[in-house]
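> Here you go, sequence then predicted model.
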Amino acid sequence: MTLADQRIGFIGGGAMAEALAGGLVAAGVAPSLILASDVEAARREQLASALGVGTTDDNARVARESDVVVIAVKPGVVEAALAGSSGGAAQGRPLWISIAAGVPLARLARSLPAQARIVRAMPNTPALVRAGATALCGNAAVGPGDLAVARELFEGVGVVWLATREEQLDAVTGLSGSGPAYVFAMLEALGAAGERMGLPRAAADRLALQTVYGAAKLALETSRSPEALRKQVSSPGGTTLAGLERLEALGFAAAIDAAVEAATRRSRALGKQA
């Protein structure tokens, strides 16, 4: 079973839904097989114009006419969005995939039919440019074929990792979910530091962006670990080592570790409130 064989629906037509639908179309899924609902007419018009997919303001229609439904609404409106919509689904259908941040499988199950097949996904914002990192976890009703379909969906906008248990999604949130913001903060700091050292701010920002992009690309496309790559450019007595030693003295690694831990703990707390 592949996505090319499925009718795919989106409840919620925001930026992430548009990115996922765009990834599907780019991968060869016919726009006629995609249906998205949204309360805002402007979003429906944008999706139809940009991707050629079907749109509606009726969530129940999406559930009724789809083999796979992506729940792509804000966490606070999940219940309202699903109210009445799941009743139109056929027995054992569809496969439900949620990208509502922090909403656990148990909470999703309360708004869906008994024995619903539910996959919870934690993508991050670089999925908007098809460079995302997504983790997946399914409930007990989900089978290998369901996970394969979910994986194919998110591989259209980046890389995918299958979690072995739902609790791991909190750590994923702390690392890759919140991680882009840590990188943006570093980019801000690099640009400001370059300006303080005498560079025009526009040049400093451009150099910082390309440096982070290039370093990540190098790490992704070589077989060498980040540690090995760091050591490769850290010549004794050189400029890079001088900078790294200062970062170490100021607790750079400890600060990153604390940031990931804080975001993970917050994700756990939000999940318990759900």
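It's in.
> Poorly predicted segments of this structure, please.
Along the chain, segments meeting pLDDT under 70 span 1, 86-92, 274.
> Show me where the protein has its strands.
In the chain, the segments counted as strands under DSSP state E are 8-11, 34-37, 54-56, 68-71, 95-98, 118-122, 132-138, 158-162.
> Against which helices or strands is the fourth one packed?
In this case it means strand 68-71. Contact analysis of strand 68-71 by 3 or more CB pairs under 8 Å, 6 or more residues apart in numbering; DSSP states H and E lists strand 8-11, helix 78-82, strand 95-98, helix 144-155 as its packing neighbours. For glycine as for every other residue, the C-beta is placed from the backbone atoms N, C-alpha and C.
> in its sheet, what does that strand sit against?
In the sheet containing strand 68-71, the strands it pairs with under DSSP bridges are strand 8-11 (parallel), strand 95-98 (parallel).
> mind putting these in JSON lines, distance to Ala27 and mean neighbour count included?
Shown next, in JSON lines, are these (distance: least, CB to CB, whole Å; neighbours: other CB atoms under 10 Å):
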{"stretch": "strand 8-11", "distance to Ala27": "11", "mean neighbour count": "28"}
{"stretch": "strand 95-98", "distance to Ala27": "16", "mean neighbour count": "28"}
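> Look through the protein and report the residue furthest from the middle.
Here the centre of the chain is the reference, and by CA atoms, centre = their mean the most remote residue is Gly237, at 40.8 Å.
> ok, Arg266 - how many residues close by?
Other residues within reach of Arg266, judged by other CB atoms under 10 Å, total 15.
> State the phi and psi torsions of the residue farthest from the centre of the chain.
The phi/psi pair for Gly237 (degrees, to the nearest 10) reads phi 80, psi 0.
> so how far is Ala215 from the most centrally placed residue in the chain?
The centroid of the chain falls nearest to Pro123 when counting by CA atoms, centre = their mean (1.4 Å). Pro123 sits 23 Å away from Ala215, going by CB to CB, to the nearest Å.
> Now for the residue nearest to the centre of the chain: which residues touch it?
Met16, Ile99, Gly132, Ala133, Thr134, Phe154, Val157, Gly158 (CB atoms under 8 Å, 6 or more residues apart in numbering).
> would CSV of the helices and strands packed on strand 68-71 with distance to Ala242 be doable?
Supplementary listing: these in CSV, determined by distance: least, CB to CB, whole Å:
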stretch, distance to Ala242
strand 8-11, 51
helix 78-82, 50
strand 95-98, 47
helix 144-155, 41
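> Minimum distance to Leu270: which of those has it?
Evaluated over these, closeness to Leu270 peaks at helix 78-82, with 12.9 Å, by CB to CB.
> what comes up buried for that closest one?
Along helix 78-82, these residues count as buried under the neighbour rule (16 or more other CB atoms under 10 Å): Val78, Ala81, Leu82.
> Tell me how far the first one lies from Thr164.
Right, Val78. The value you get for Val78 to Thr164, if CB to CB is used, is 24 Å.
> excluding its backbone neighbours, what's nearest Gln115?
The shortest distance from Gln115 to any non-neighbouring residue, by CB to CB, 6 or more residues apart in numbering, is to Ala141 (5.3 Å).
> The one you found: how many residues sit nearby?
Here the count is done by other CB under 10 Å, and Ala141 has 15 residues near it.
> what do you get for Ala263?
Using other CB under 10 Å, the number of residues around Ala263 comes to 20.
> excluding its backbone neighbours, what's nearest it?
Residue nearest to Ala263 in three dimensions, not counting chain neighbours: Gly174, with 3.7 Å by CB to CB, 6+ apart.
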